[in-house]
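Engineer: Provide a 3D model corresponding to the input given below.
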Amino acid sequence: VKEEDEWLRNEFNETWNRSGGWGCMEPMSDKESFCNHVKILENTPARVRVLWRYPLIDVFHTVANYDDATGWGDWSDWVYTIYPDGFAVKNMRCWNDGSSAHEWHESIFLTQGHQRPEDVVSQDDTISLISLAGEKRSTSWRADRENLLLQDAKIHQVNLTADYDAITIGDFTSFRLWSYSAPPAYSVYPTWEHWPAAQIASDCRWTTTPGRLRSSSLTTLTVPVERKVDGPRPYERATLMEGMSNKTPTELAALAKSWLRAPEARAIQGCEVKPYVQHRREYSIVAQADEFTFSIEANNDQPIQNLCFVVQNWGYRGAANISVDRKPYPGVRQGTALGNDGALYLVVWIKIETTEAIEICVQGAQVK
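Structural biologist: Sure thing, here's the model as predicted:
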């Protein structure tokens, strides 16, 4: 949600016409929130983690790929890990049997009754793609929108009319601009009025007049999807980062590299360092002593653009003493949370931007 009350989202998992269902099978069709629910998993000054669970259903509550033997069909568990810099990483898991295609991204912006889509998104500078080198390519919805090539872009930007733009970061493999057109008397953008605020069983209902809350689609990105099995249940998983930003292309490229090419962490003393967890944007540390030190080996190709680390085996409810390069550091947020095993862990967020290696010392673990 932007500073001028403009809304945009990157959609959800979606499939179509399965199990006798009709049209779009997605959480947006669950207009009564019949099955959707949200749970806060973690809430500290360092970050918030939110679980969104939903079935892929049509407007008549038919679940996609429903299995009579188990009573289950296509369900999704999406966990958003949201940080103080306004960016969230989405760990998107869709439980399905692989028998149908699923969508993982679609840039959708919303307009209220008093707004037109053209008031929210620029027609002259609509979509930009940015590479990790900071190179930016833009397209106009009016003219050359078919000429925007993905190439090596890892950053997708929707250029809204207010100060902040909508950013999506990921290892995209393909890019498609929507070619559908709404009735031309209303808008140049493909615009519908079946967003869940409309309490009728509507799907793909074109907007022809102002007055209702509406949604408009711009692009679809294809992202790498892992196919895995958890016990008897197969699932697919993908990851994206998203947020609102007024950063320059160079600054956005540094942010993308810090996540997609996260610098290595190395234990110095008193701890074990585990691999970087991309789908939570965190470094994982296991305390082996009450005071421990580790480094983040940043460089020009693998910068630090704010960082989070989680300490297991913490054992203490109070605040840690944290220093960066042997000095107290002001840009630190921290808190403790309970893990699935019932043990406390420490979450630390450091507001820092650098291309040089740093050394972090933590005191107060009270290890067992």
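
Engineer: where along this structure do the helices fall?
Structural biologist: For the chain, helices defined by DSSP state H occupy the ranges 117-120, 249-260.

Engineer: Those helices into TSV, with extra columns for mean neighbour count, distance to Tyr235 and mean pLDDT?
Structural biologist: For glycine as for every other residue, the C-beta is placed from the backbone atoms N, C-alpha and C. Shown next, in TSV, are the helices of the chain (neighbours: other Cβ atoms under 10 Å; distance: least, Cβ to Cβ, whole Å; pLDDT from 0 to 100):
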stretch	mean neighbour count	distance to Tyr235	mean pLDDT
helix 117-120	18	35	89
helix 249-260	20	23	98
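
Engineer: Tyr316: which of those helices is closest?
Structural biologist: Across the helices of the chain, Tyr316 has its closest neighbour in helix 249-260 (28.9 Å, Cβ to Cβ).

Engineer: which residues touch the closest one?
Structural biologist: Outside of helix 249-260, the residues that reach it under the criterion Cβ atoms under 8 Å, 6 or more residues apart in numbering are 87, 89, 128, 130-136, 154-155, 157, 167, 169-171, 241, 245, 247, 278, 281, 301-307, 353.

Engineer: Mind checking which of those residues are buried?
Structural biologist: When neighbours are counted using 16 or more other Cβ atoms under 10 Å, the contacts of helix 249-260 contain these buried positions: 87, 89, 128, 130-132, 134, 136, 154-155, 157, 167, 169-170, 241, 245, 247, 281, 302-307, 353.

Engineer: Just to be careful, could you list which of the residues you listed are in strands?
Structural biologist: If you go by DSSP state E, the buried ones among the contacts of helix 249-260 have 87, 89, 128, 130-131, 136, 154-155, 157, 167, 169, 241, 245, 304-307, 353 in strands.

Engineer: Next, work out how far apart Ser323 and Gln366 are.
Structural biologist: Applying Cβ to Cβ, to the nearest Å, one obtains 18 Å for the distance of Ser323 from Gln366.

Engineer: chain center to stretch 53-71: distance?
Structural biologist: Average the C-alpha atoms of stretch 53-71, do the same for its chain, and the two points are 24 Å apart (Cα atoms, centre = their mean, to the nearest Å).

Engineer: So for that stretch, first residue to last residue, what's the gap.
Structural biologist: This stretch, stretch 53-71, spans 17 Å end to end (Cα to Cα, to the nearest Å).

Engineer: quick one: average confidence on that stretch?
Structural biologist: Computed over stretch 53-71, the mean pLDDT rounds to 94.

Engineer: Any buried residues in that stretch, and which?
Structural biologist: Of all the residues in stretch 53-71, those buried under the rule 16+ other Cβ under 10 Å are 53-59, 62-66.

Engineer: residue contacts, Val229?
Structural biologist: So Val229 contacts Tyr235 (Cβ under 8 Å, 6+ apart).

Engineer: Okay, now the unreliable bits of the stretch 1-150 of the chain?
Structural biologist: By pLDDT under 70, the weakly predicted segments of the stretch 1-150 of the chain are 143-147.

Engineer: quick revisit: and the buried residues of stretch 53-71 as TSV, adding distance to Cys361?
Structural biologist: As requested, the buried residues of stretch 53-71 are arranged in TSV below (distance: Cβ to Cβ, whole Å):
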residue	distance to Cys361
Arg53	39
Tyr54	43
Pro55	47
Leu56	47
Ile57	51
Asp58	55
Val59	56
Thr62	56
Val63	51
Ala64	51
Asn65	51
Tyr66	54
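
Engineer: Widest-spaced pair of the residues you listed?
Structural biologist: Set against one another by Cβ to Cβ, the buried residues of stretch 53-71 have their most distant pair in Arg53 and Val59, with a gap of 19.3 Å.

Engineer: Can you list phi and psi of the residue nearest to Phe34 when sequence neighbours are not counted for me?
Structural biologist: Ranked by Cβ to Cβ, 6 or more residues apart in numbering and with sequence neighbours excluded, the top spatial neighbour of Phe34 is His61, at 6.0 Å. Backbone dihedrals for His61, given as degrees, to the nearest 10, come out at phi 70, psi 20.

Engineer: hang on, His61 packs against Ser33?
Structural biologist: No - when contacts are counted by Cβ atoms under 8 Å, His61 is not listed as touching Ser33 (11.8 Å).

Engineer: so who does the nearest residue to Gln112 once chain neighbours are set aside touch?
Structural biologist: In space, Gln112 comes closest to Leu213 once its chain neighbours are excluded; the distance is 5.9 Å by Cβ to Cβ, 6+ apart. With contact taken as Cβ under 8 Å, 6+ apart, Leu213 is in contact with 110-113, 193, 195, 197-198.

Engineer: One more: Ile82?
Structural biologist: Listed by Cβ under 8 Å, 6+ apart, the contact set of Ile82 reads 47-50, 88.
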